[in-house]
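Colleague: Provide a 3D model corresponding to the input given below.
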Amino acid sequence: MPASPLLAANWPNPFNATTLIRISLPAGSPAAPARLAIYDRRGRLVRLLFAGTAGPGHYLARWDGCDEQGRPE
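Modeller: Numbering: from 1, shown residues only. The predicted structure is shown next:
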């Protein structure tokens, strides 16, 4: 596990239908509120992928390239 939170590059990049986003939180860190969101170039929220509590470990999120209403971004 990493010494500090790690957000790895998405894979595949560029992507066609979906992309995977890997996140690792260090061992020994307490469970805490966490949020993973996609924003466009203007800083507007496109899609919230995760909002909740996360503790140490490895996490994988899948994004299909769509916004909250299911429209392609």
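Colleague: list phi and psi for Leu6.
Modeller: phi -130, psi 130 (degrees, to the nearest 10).
Colleague: what residues does the longest strand along the chain touch?
Modeller: Ranked by residue count under DSSP state E, the longest strand found in the chain is strand 45-54. When contacts are defined by C-beta atoms under 8 Å, 6 or more residues apart in numbering, strand 45-54 is touched by residues 21, 25, 31-40, 59, 61, 63, 66-68, 73. Quick note: C-beta positions are derived from backbone N, CA and C, even for glycine.
Colleague: can we see that at 10 Å?
Modeller: In this structure, residues lying in contact with strand 45-54 by C-beta atoms under 10 Å, 6 or more residues apart in numbering are 5, 21, 23, 25, 29-40, 59, 61-71, 73.
Colleague: which of those are buried? Put it as a ChimeraX command.
Modeller: Buried residues within these, as defined by 16 or more other C-beta atoms under 10 Å, are selected in ChimeraX through the command that follows:
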select :21,23,25,36,38,63
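Colleague: so which of the contacts of strand 45-54 are in strands?
Modeller: Checking the contacts of strand 45-54 against DSSP E, those in strands are 21, 23, 25, 32-39, 59, 61-63.
Colleague: show me the shaky parts of this protein.
Modeller: 1 (pLDDT under 70).
Colleague: tell me the contacts of the most centrally placed residue in it?
Modeller: Against the mean C-alpha coordinate of the chain, by C-alpha atoms, centre = their mean, the closest residue is Leu36 at 4.4 Å. When contacts are counted by C-beta under 10 Å, 6+ apart, Leu36 is found next to 7, 21, 23, 47-52, 54, 59, 61, 63.
Colleague: mind running it again at 7 Å?
Modeller: Residues touching Leu36, when contacts are defined by C-beta atoms under 7 Å, 6 or more residues apart in numbering, comprise Ile21, Ile23, Leu49, Phe50, Ala61.
Colleague: from Phe15, how far off is the closest residue to Ser4 other than its chain neighbours?
Modeller: Leaving aside its chain neighbours, Ser4 sits nearest to Pro26 (6.0 Å; criterion: C-beta to C-beta, 6 or more residues apart in numbering). Counting by C-beta to C-beta, to the nearest Å, the gap between Pro26 and Phe15 amounts to 27 Å.
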